[in-house]
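Novice: return atomic coordinates for the entry below.
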Amino acid sequence: MFVRSIRGLLILAVCAISCTRAMQPANSAERNIVLFVADDLGCDLGCYGNPVIRTPNIDAFASQAVLFRNAFATTASCSASRSVILSGLYNHANGQYGQKHSWHHFSSFDWVKSLPWFLSRGGYRTVRVGKYHVAPESVYQFDQSLGEFGRDVVQMVDAARPLFDPASTQPFFLYICTSDPHRGGGTVSQEPLAANRFGNPAGKPYRGIKEVEYAPEDVIVPPFLPDTPECRAELAQYYQSVSRVDQGFGYLVRTLQEAGVYEDTLILLISDHGIAMPGGKTTCYEPGLRSPCIVRLPGGRQGGSQTSAIINWTDLTPTLLDFAGLLDAETGTVRGDPIQMPTRPGGRPHPGTPYRFHGRSFLPVLHQPDIDGYDTTFASHTFHEIQMYYPMRVVRERRWKLIWNIAHPLPYPFASDLWAASTWQAQWQKGSGAMYGPRTVDQYIHRPKFELFDLQNDPNEAQNLADDPRHAETLERLKEKLRAFQEQTLDPWVLKWRYE
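Specialist: This next block holds a predicted model:
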C-alpha cells in the first residue's frame, strides 16, 4: 500500500466490492479461507508448463481457479518469507530477518499484527496445521494449533476435518503447510555426490500417497542450473517430492468437497518461495522469488483464468482481509478500532500513525484477471541462517530488474544444505571457472554491487547491464525507486545509501 498506487477507477471498483461485502454478516456463506503453503516449491507444475512432472490434482484445481504467472516471494528464505505471508509487511520491517529455529533465533517485533490475529478479531475461527516456523507465537497466534506432521498432508487434513462443518455459522481460516518439497531425508546412496532425497521415503511411503518416481534423463533442467548427471539426479528426487505435494493437495480438495464446504471456500495454493537449489532459494534471482500462486474463488468464479498481474507475498494478508470484509481498501487499513504502527525502523507504535500493510489487495485481479495496474514488485533479503549475512534489495518491473547487493564485498554465503547439494559440489570441485547455469562458479560467489537485468531480452539474468552506459538512466531511475521503497517501508538498511 505504501509504494504501489492503484488507479482511480480501480480504487472505486475495489471500494464497491468491499463495501458490498462489509454489509454482509460476518458468518455469511462463502467466507471460509484455506491457505495451502508448500515448502521450496518453484513453478514446477503441469499447469505452469512443465510437461514431465505429474501434478494432476493441482492442474485440475487450476482449471477452476485463477493462476498467477507473476507471483513473487519477497525473500527466498523460509521463516522470513512466512512472516511476510502472515503479516503483509516486508521482513526488514516486521523483524523476522532470518530463520526462527535453533541458534538463528530471529523473530518479529511484538507490535506486529498478523493475519490470524485480524481474522480472529473479525469473527473467524483460525486454525493452523503443518509447518509454522515463525516467531513469536504471541504475534502469529491462531485460535488452535493441530500439530506439524512434517510432510504428511493426509494426516494434516484428517486432523482438520472437524473444522469443515457446513452447519457452522462461524467462518474458518485454515493455514496448512507441508514440508515438501524441501530438501531432507539424507541422500539416495553413500556415493560422494549422491542426490538428496528431498524427503522421499527410503521404505514405506506415506499413508494415502502413491510415490511417483522419475528417471533423471527425463527431467527438464532449467537454464539457471547446470545440465549435469548430479543435477538431473537431484531434480528427479525433487519431482517425486512435488508429486507428493500434488497428492496431498488433492486429498485436501476431496475432503473439502465431501464435507460440503468446497464451494463456500476461498482456496489458495502457494509456496513460501522457489526451489531449494543454488541459484534459487536464498537468492533474489527469478528462480528464488518467482513462486506458484493459484487461487479459487468460492463457486469457481473466473475458473481457468490466468493473469499476468505482478503480486508478491505482502499482498496476501490484505487480500484475505479484503475478502473477509475486514479491509478498507481505499485507505489500506483494517476496519474497526484504530491500530498504530511505528514511524521509524525498530520503533514502537506511534499515536496517530494508522496500521497499514506494505502490500495491497489483489482481490480485484481475481474478479478481473486482465486488470491493469499491477506492474512492480520489490524484494528484501538479509539473512537465511544467522551466519549468512548478505542483504539484498530488489525492484522488479515487467522489463527491468535491479538487485542491490549491499554486502557485495563479501562472498555470497550458502545455506548449509545448499552448499552440500551434489548439484553445487560437482561444479565447485571443477574450479572457479566451471559453469553453473549462466554464470561461472566464481561469478555466483562474488557478485557486484548492482545487477541490472533486461528481463525482456535476458529472462535468465545472464547479462548484468549495470555498468553499461547505455542503461545508465534506467539504473539511476531504479535506484531512486528502490530507495523510496526502503524509506517508505522503514527499512533499516536504507542508511547504506548515505554512508557506503
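Novice: quick one: the helices in the stretch 1-150 of the chain, in order.
Specialist: Along the stretch 1-150 of the chain, the stretches classed as helices by DSSP state H, counting those that start in this stretch are 8-22, 56-62, 78-87, 91-94, 115-121.
Novice: now the strands for the stretch 301-450 of the chain?
Specialist: Along the stretch 301-450 of the chain, the segments classed as strands by DSSP state E, counting those that start in this stretch run 305-312, 327-328, 333-334, 377-381, 392-396, 400-405, 435-436, 439-440, 450-454.
Novice: in JSON lines: these, plus distance to N32, mean pLDDT and mean neighbour count.
Specialist: Any C-beta I mention is one placed from the backbone N, CA and C, and that applies to glycine too. Converted to JSON lines, those look like this (distance: least, C-beta to C-beta, whole Å; pLDDT from 0 to 100; neighbours: other C-beta atoms under 10 Å):
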{"stretch": "strand 305-312", "distance to N32": "21", "mean pLDDT": "98", "mean neighbour count": "21"}
{"stretch": "strand 327-328", "distance to N32": "17", "mean pLDDT": "93", "mean neighbour count": "24"}
{"stretch": "strand 333-334", "distance to N32": "20", "mean pLDDT": "92", "mean neighbour count": "20"}
{"stretch": "strand 377-381", "distance to N32": "28", "mean pLDDT": "98", "mean neighbour count": "26"}
{"stretch": "strand 392-396", "distance to N32": "33", "mean pLDDT": "98", "mean neighbour count": "24"}
{"stretch": "strand 400-405", "distance to N32": "37", "mean pLDDT": "98", "mean neighbour count": "23"}
{"stretch": "strand 435-436", "distance to N32": "45", "mean pLDDT": "98", "mean neighbour count": "20"}
{"stretch": "strand 439-440", "distance to N32": "45", "mean pLDDT": "98", "mean neighbour count": "17"}
{"stretch": "strand 450-454", "distance to N32": "41", "mean pLDDT": "98", "mean neighbour count": "20"}
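Novice: among these, which is nearest W497?
Specialist: strand 400-405 (9.1 Å; C-beta to C-beta).
Novice: starting at the chain centroid, how far to that closest one?
Specialist: Using C-alpha atoms, centre = their mean, to the nearest Å, the mean C-alpha position of strand 400-405 is found 19 Å from that of the whole chain.
Novice: what strands flank that strand, and is each parallel or antiparallel?
Specialist: The strands beside strand 400-405 in its sheet (DSSP bridges) come out as strand 392-396 (antiparallel), strand 450-454 (antiparallel).
Novice: so, low pLDDT: which residues of the stretch 401-500 of the chain?
Specialist: Nowhere does the stretch 401-500 of the chain drop to pLDDT under 70.
Novice: okay, the strands paired with strand 400-405 in TSV with distance to F109 next?
Specialist: Output for these, formatted as TSV (distance: least, C-beta to C-beta, whole Å):
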stretch	distance to F109
strand 392-396	20
strand 450-454	30
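Novice: show me what contacts Y124?
Specialist: R31, I33, Q170, P171, F172, F173, A324 (C-beta atoms under 8 Å, 6 or more residues apart in numbering).
Novice: any idea which of these has the most stuff around it?
Specialist: Taking other C-beta atoms under 10 Å as the neighbour criterion, F173 ranks highest of these with 26 neighbours.
Novice: isn't that one up against R31?
Specialist: No: in this structure F173 lies outside contact range of R31 using C-beta atoms under 8 Å: 9.4 Å.
Novice: look up how far D315 lies from the nearest residue to Y444 once chain neighbours are set aside.
Specialist: Spatially, and ignoring its direct neighbours in sequence, Y444 is nearest to Y436 (5.4 Å; C-beta to C-beta, 6 or more residues apart in numbering). From Y436 across to D315, the span is 32 Å (C-beta to C-beta, to the nearest Å).
Novice: could you do L235 as well?
Specialist: Relative to D315, and taking C-beta to C-beta, L235 is found at 30 Å.
Novice: so these two - more neighbours on which side?
Specialist: Neighbours of L235 and D315, each counted by other C-beta under 10 Å, are more numerous for D315; the result is 31 against 26.
Novice: look up the closest residue to that one, ignoring the ones flanking it.
Specialist: G359 (3.7 Å).
Novice: tally of neighbours for the one you found?
Specialist: Using other C-beta under 10 Å, G359 has 28 neighbouring residues.
Novice: check contacts around it.
Specialist: Shown in contact with G359 (C-beta under 8 Å, 6+ apart): M1, G88, I311, N312, W313, T314, D315, L316, T317, P318, T319.
Novice: and if we set it to 7 Å?
Specialist: G359 makes contacts with M1, G88, N312, T314, D315, T317, P318, as judged by C-beta atoms under 7 Å, 6 or more residues apart in numbering.
Novice: and the furthest pair within those residues?
Specialist: Spatial extent of the contacts of G359 (C-beta to C-beta) is set by the pair M1 and N312 at 12.5 Å.
Novice: all helices of the stretch 251-400 of the chain, in order?
Specialist: Ranges of helices in the stretch 251-400 of the chain, per DSSP H, counting those that start in this stretch, are 286-289, 316-323, 363-367.
Novice: so which elements touch the last one?
Specialist: To tie it back to what came earlier, the one meant is helix 363-367. If you count contacts as 3 or more C-beta pairs under 7 Å, 6 or more residues apart in numbering; DSSP states H and E, helix 363-367 packs onto helix 8-22, helix 316-323.
Novice: do that again at 10 Å, thanks
Specialist: Contacts defined by 3 or more C-beta pairs under 10 Å, 6 or more residues apart in numbering; DSSP states H and E place helix 363-367 against helix 8-22, strand 66-72, strand 293-296, strand 305-312, helix 316-323.
Novice: lowest-confidence stretch among those?
Specialist: Ranked by mean pLDDT, the helices and strands packed on helix 363-367 bottom out at helix 8-22, with a mean of 37.
Novice: any idea how many residues pack against the nearest residue to P413 once chain neighbours are set aside?
Specialist: Among residues not flanking P413 along the chain, M388 sits closest, at 4.0 Å (C-beta to C-beta, 6+ apart). Other residues near M388 come to 19 when the count uses other C-beta under 10 Å.
Novice: contacting residues around M388?
Specialist: Shown in contact with M388 (C-beta atoms under 10 Å, 6 or more residues apart in numbering): S77, G98, Q99, H104, T282, H381, T382, Y412, P413, F414, A415, S416.
Novice: neighbour-wise, which of those residues leads?
Specialist: Tallying neighbours with other C-beta under 10 Å puts H381 at the head of the contacts of M388, with 31 neighbours.
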